[in-house]
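Colleague: Could you look at this predicted model? Sequence included:
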Amino acid sequence: MNMDTGLLIMRVVIGLIFAGHGAQKLLGWFGGPGLKGTGGWFDSIGIKPGVGAAIVIGLFEVIGGLLLALGLWMPIAAALIVIPMIGAIVKVHGKNGLWITQNGMEYNLILIVVAVGLALIGPGAYAIGNW
(Lines give C-alpha, C1' and ligand atoms only; values in the text may rest on other atoms or scores of the structure.)
Protein backbone atom coordinates (compact mmCIF):
# COMPACT_ATOMS: atom_id res chain seq x y z
CA MET A 1 0.00 0.00 0.00
CA ASN A 2 2.80 2.45 0.81
CA MET A 3 4.42 1.87 -2.58
CA ASP A 4 1.13 2.42 -4.39
CA THR A 5 0.51 5.63 -2.44
CA GLY A 6 4.02 6.85 -3.22
CA LEU A 7 3.56 6.13 -6.92
CA LEU A 8 0.22 7.95 -6.88
CA ILE A 9 1.76 11.03 -5.27
CA MET A 10 4.65 11.11 -7.74
CA ARG A 11 2.40 10.56 -10.76
CA VAL A 12 -0.18 13.16 -9.81
CA VAL A 13 2.23 15.90 -8.72
CA ILE A 14 4.71 15.53 -11.59
CA GLY A 15 1.96 14.89 -14.14
CA LEU A 16 -0.17 17.89 -13.21
CA ILE A 17 2.82 20.23 -13.01
CA PHE A 18 3.94 19.04 -16.43
CA ALA A 19 0.44 19.46 -17.88
CA GLY A 20 0.33 22.96 -16.39
CA HIS A 21 3.64 23.75 -18.06
CA GLY A 22 2.10 22.76 -21.40
CA ALA A 23 -1.00 24.87 -20.66
CA GLN A 24 1.31 27.85 -20.18
CA LYS A 25 2.58 27.36 -23.72
CA LEU A 26 -0.76 26.59 -25.37
CA LEU A 27 -3.21 28.78 -23.49
CA GLY A 28 -1.22 31.32 -21.52
CA TRP A 29 -2.54 29.82 -18.27
CA PHE A 30 -0.64 30.08 -14.98
CA GLY A 31 1.24 33.16 -16.13
CA GLY A 32 2.53 31.53 -19.30
CA PRO A 33 3.23 33.30 -22.59
CA GLY A 34 0.64 31.41 -24.69
CA LEU A 35 1.18 30.32 -28.28
CA LYS A 36 2.29 33.70 -29.61
CA GLY A 37 4.84 34.29 -26.86
CA THR A 38 6.14 30.72 -26.83
CA GLY A 39 6.25 30.63 -30.62
CA GLY A 40 8.21 33.88 -30.74
CA TRP A 41 10.69 32.57 -28.20
CA PHE A 42 11.05 29.28 -30.11
CA ASP A 43 11.72 31.25 -33.31
CA SER A 44 14.37 33.29 -31.46
CA ILE A 45 16.30 30.16 -30.44
CA GLY A 46 16.10 28.63 -33.92
CA ILE A 47 13.10 26.31 -33.53
CA LYS A 48 10.99 27.11 -36.59
CA PRO A 49 8.15 27.47 -37.16
CA GLY A 50 7.90 28.65 -33.59
CA VAL A 51 4.13 28.60 -33.21
CA GLY A 52 3.90 25.13 -34.77
CA ALA A 53 6.57 23.86 -32.41
CA ALA A 54 4.78 25.50 -29.47
CA ILE A 55 1.59 23.64 -30.38
CA VAL A 56 3.33 20.27 -30.67
CA ILE A 57 5.43 20.67 -27.52
CA GLY A 58 2.50 22.12 -25.56
CA LEU A 59 0.32 19.16 -26.56
CA PHE A 60 3.08 16.68 -25.66
CA GLU A 61 3.33 18.30 -22.23
CA VAL A 62 -0.41 18.50 -21.54
CA ILE A 63 -1.22 15.01 -22.81
CA GLY A 64 1.89 13.39 -21.32
CA GLY A 65 1.31 15.04 -17.96
CA LEU A 66 -2.35 14.04 -17.81
CA LEU A 67 -1.62 10.45 -18.85
CA LEU A 68 1.07 10.26 -16.18
CA ALA A 69 -1.23 11.70 -13.51
CA LEU A 70 -3.97 9.22 -14.41
CA GLY A 71 -1.60 6.26 -14.69
CA LEU A 72 -2.61 5.51 -18.27
CA TRP A 73 -0.37 4.25 -21.05
CA MET A 74 2.76 4.87 -19.00
CA PRO A 75 5.33 4.28 -21.79
CA ILE A 76 3.52 6.82 -24.00
CA ALA A 77 3.19 9.26 -21.09
CA ALA A 78 6.92 8.96 -20.40
CA ALA A 79 7.83 9.49 -24.07
CA LEU A 80 5.64 12.61 -24.25
CA ILE A 81 7.52 13.99 -21.24
CA VAL A 82 11.02 12.85 -22.19
CA ILE A 83 10.98 14.19 -25.78
CA PRO A 84 10.41 17.87 -24.87
CA MET A 85 12.87 17.61 -21.98
CA ILE A 86 15.60 16.29 -24.28
CA GLY A 87 14.81 19.15 -26.65
CA ALA A 88 15.06 21.64 -23.76
CA ILE A 89 18.45 20.21 -22.80
CA VAL A 90 19.76 20.29 -26.37
CA LYS A 91 18.45 23.76 -27.29
CA VAL A 92 18.59 25.68 -24.00
CA HIS A 93 19.86 24.16 -20.78
CA GLY A 94 22.65 21.71 -21.68
CA LYS A 95 25.19 24.41 -22.51
CA ASN A 96 24.69 25.88 -19.02
CA GLY A 97 25.78 22.77 -17.15
CA LEU A 98 23.85 20.83 -14.55
CA TRP A 99 22.61 23.23 -11.91
CA ILE A 100 19.32 25.08 -12.27
CA THR A 101 20.86 28.09 -10.53
CA GLN A 102 22.84 28.63 -13.75
CA ASN A 103 19.80 27.76 -15.96
CA GLY A 104 21.23 24.26 -16.34
CA MET A 105 19.57 20.95 -17.09
CA GLU A 106 18.97 19.72 -13.52
CA TYR A 107 15.15 20.07 -13.62
CA ASN A 108 14.92 18.50 -17.09
CA LEU A 109 16.98 15.50 -16.00
CA ILE A 110 14.85 15.00 -12.90
CA LEU A 111 11.68 14.97 -14.99
CA ILE A 112 13.22 12.50 -17.44
CA VAL A 113 14.30 10.17 -14.64
CA VAL A 114 10.92 10.32 -12.87
CA ALA A 115 8.97 9.72 -16.10
CA VAL A 116 11.15 6.80 -17.19
CA GLY A 117 11.22 5.36 -13.68
CA LEU A 118 7.43 5.48 -13.38
CA ALA A 119 7.04 3.90 -16.82
CA LEU A 120 9.38 1.06 -15.82
CA ILE A 121 7.84 0.49 -12.38
CA GLY A 122 4.26 0.96 -13.48
CA PRO A 123 1.56 3.28 -12.19
CA GLY A 124 0.73 1.36 -9.02
CA ALA A 125 -2.67 0.16 -7.84
CA TYR A 126 -4.29 3.60 -7.75
CA ALA A 127 -4.30 4.25 -11.48
CA ILE A 128 -7.13 4.67 -13.96
CA GLY A 129 -5.34 2.12 -16.12
CA ASN A 130 -6.04 -0.56 -13.50
CA TRP A 131 -9.81 -0.03 -13.36
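Modeller: Yep, it's here.

Colleague: can you map out the helices along the chain?
Modeller: 2-27, 34-44, 50-70, 74-88, 106-121 (DSSP state H).

Colleague: Next, format those as JSON lines and append mean pLDDT and distance to Gly97.
Modeller: For the C-beta atoms, the positions are set from N, CA and C on the backbone; glycine is no exception. Putting the helices of the chain into JSON lines (pLDDT from 0 to 100; distance: least, Cβ to Cβ, whole Å) gives the following:
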{"stretch": "helix 2-27", "mean pLDDT": "97", "distance to Gly97": "22"}
{"stretch": "helix 34-44", "mean pLDDT": "97", "distance to Gly97": "21"}
{"stretch": "helix 50-70", "mean pLDDT": "98", "distance to Gly97": "23"}
{"stretch": "helix 74-88", "mean pLDDT": "98", "distance to Gly97": "14"}
{"stretch": "helix 106-121", "mean pLDDT": "97", "distance to Gly97": "9"}
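
Colleague: okay, those in a markdown table with mean neighbour count next?
Modeller: Formatted as a markdown table, these follow (neighbours: other Cβ atoms under 10 Å):
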| stretch | mean neighbour count |
| --- | --- |
| helix 2-27 | 17 |
| helix 34-44 | 16 |
| helix 50-70 | 21 |
| helix 74-88 | 20 |
| helix 106-121 | 17 |
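
Colleague: I'd like the ones you listed laid out as CSV, including distance to Ile128.
Modeller: Output for these, formatted as CSV (distance: least, Cβ to Cβ, whole Å):
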stretch, distance to Ile128
helix 2-27, 10
helix 34-44, 29
helix 50-70, 4
helix 74-88, 11
helix 106-121, 14
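
Colleague: what's the closest of these to Asn96?
Modeller: Closest of the helices of the chain to Asn96 is helix 106-121, at 9.7 Å (criterion: Cβ to Cβ).

Colleague: The nearest residue to Gly34 once chain neighbours are set aside and Ala119, how far apart?
Modeller: Leaving aside its sequence neighbours, Gly34 sits nearest to Gly28 (Cβ to Cβ, 6 or more residues apart in numbering; 3.2 Å). Per Cβ to Cβ, to the nearest Å, Gly28 is found 30 Å from Ala119.
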